[in-house]
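In: turn this into a model:
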Amino acid sequence: MITQAFILAAGYGKRMKPITDSIPKPMIEVGGKSMISRILDQLIEYGVRSIVINTYYKKELLQNHIKKYISTIPNPPKIHVIEEDELLETGGGILNALQHLDATKPFFVANSDSVFIGENIFTFLNNAWNSSMTSLMLLVHKDKAIGYDQSGDFSLTNDEEISIRENPEYAFSGIHISSCHIFKGLEISPIKLMDIYQKYLKNTIYQGFYGRAYAGQWFHVGTPSALAKTEKLLESHPHTS
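Out: The predicted model follows:
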């Protein structure tokens, strides 16, 4: 069982302006609950015991928000909130967080700008994980990706390995399991996560990287218009996480 997680929560949220002029993006409420608390709810429901969260933009507001959230949870997991002195991007954020993770064990990586309807996403990934994998990504078919405005990220081989090719069928939700050995020997610096993963790309396949297609609904809440659309659709699913 995967017992630790890292949540990316440091970014500026520029596409969510003007809302993010006053609060950090993870604190934006969707259906009456902040996006970061929705991810934390799912992690706690799953049973994670250790969570690291990075902060940078409007970090005091976000840190206080997380502290208030933790105070409402009976027997919460260990939650370590770290500050970045400079914005380290997705990959650098993980490199900076590794000192607070068990480097011998895999961990969940989660964005803080998503809402899901359906099976607990972390239970879903954990049940598909095995130790021979380097990474396991939660993919969503483009038809089920609300607020996603790209043409697709990945395809899957017959063995469910992550592949890049023309007209990819799936969007990458940003939720995945990663092995710590991926980051061994790398120095902390601003770098995107996919730039680190690029070393595993051989021809069109990411070696050791697998994907699972999520049957539920994914709302990528990245812009004010996506937020409004998500709010409207959630009205018919008031009890979703």
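
In: next up, phi/psi of the residue sitting nearest the centre point of the chain, please.
Out: Closest to where the C-alpha atoms of the chain average out (Cα atoms, centre = their mean) is A110, at 1.9 Å. Note on A110: its backbone torsions stand at phi -140, psi 130 [degrees, to the nearest 10].

In: how about the one 4 residues further on?
Out: Per-residue torsions, S114: phi -130, psi 150 (degrees, to the nearest 10).

In: gap between it and P74?
Out: Relative to P74, S114 is positioned 25 Å away (Cβ to Cβ, to the nearest Å). Placement of C-beta: from N, CA and C, glycine included.

In: could you do V140 as well?
Out: According to Cβ to Cβ, V140 and P74 sit 32 Å apart.

In: also T134?
Out: T134 is 36 Å from P74, by Cβ to Cβ.

In: can I assume A5 is in contact with R49?
Out: No: here A5 does not reach R49: they are 9.3 Å apart, not a contact under Cβ atoms under 8 Å.

In: so those two - more neighbours on which side?
Out: A5 (26 against 14; other Cβ atoms under 10 Å).

In: what does the more buried one show for phi and psi?
Out: According to degrees, to the nearest 10, A5 has phi -150, psi 150.

In: give the contact list for it.
Out: By Cβ atoms under 8 Å, 6 or more residues apart in numbering, A5 lies in contact with L43, V48, S50, I51, V52, F107, F108, V109, A110, F122.

In: same check, this time on R49
Out: Here R49 is in contact with T3, Q4, P77, K78 (criterion: Cβ under 8 Å, 6+ apart).

In: report the buried residues of the host helix or strand of N126.
Out: Per DSSP states H and E: N126 is located in helix 121-128. Neighbour-count burial for helix 121-128 flags I121, F122, F124, L125, N126 (criterion: 16 or more other Cβ atoms under 10 Å).

In: now stretch 124-142
Out: So for stretch 124-142, counting by 16+ other Cβ under 10 Å, buried means 124-126, 129, 133-140, 142.

In: just stretch 151-171 next, same as before
Out: Of the residues in stretch 151-171, G152, D153, F154, S155, L156, E161, I162, S163, P168, E169, Y170, A171 count as buried by neighbour count, 16+ other Cβ under 10 Å.

In: so which of the residues you listed sit within strands?
Out: Among those, the members falling in strands (DSSP state E) are S155, L156, E161, I162, S163, Y170, A171.

In: what about the closest residue to the third one other than its chain neighbours, how many neighbours?
Out: Spelled out, it's E161. Computed as Cβ to Cβ, 6 or more residues apart in numbering, the closest residue to E161 that is not its neighbour in sequence is I205, at 5.3 Å. Other residues within reach of I205, judged by other Cβ under 10 Å, total 17.

In: most neighbours, which of the contacts of R49?
Out: Going by other Cβ under 10 Å, Q4 tops the contacts of R49 with 20 neighbours.

In: contacting residues for that residue?
Out: Q4 is in contact with V48, R49, S50, I51, V52, L101, D102, K105, F107, F108, counting by Cβ under 8 Å, 6+ apart.
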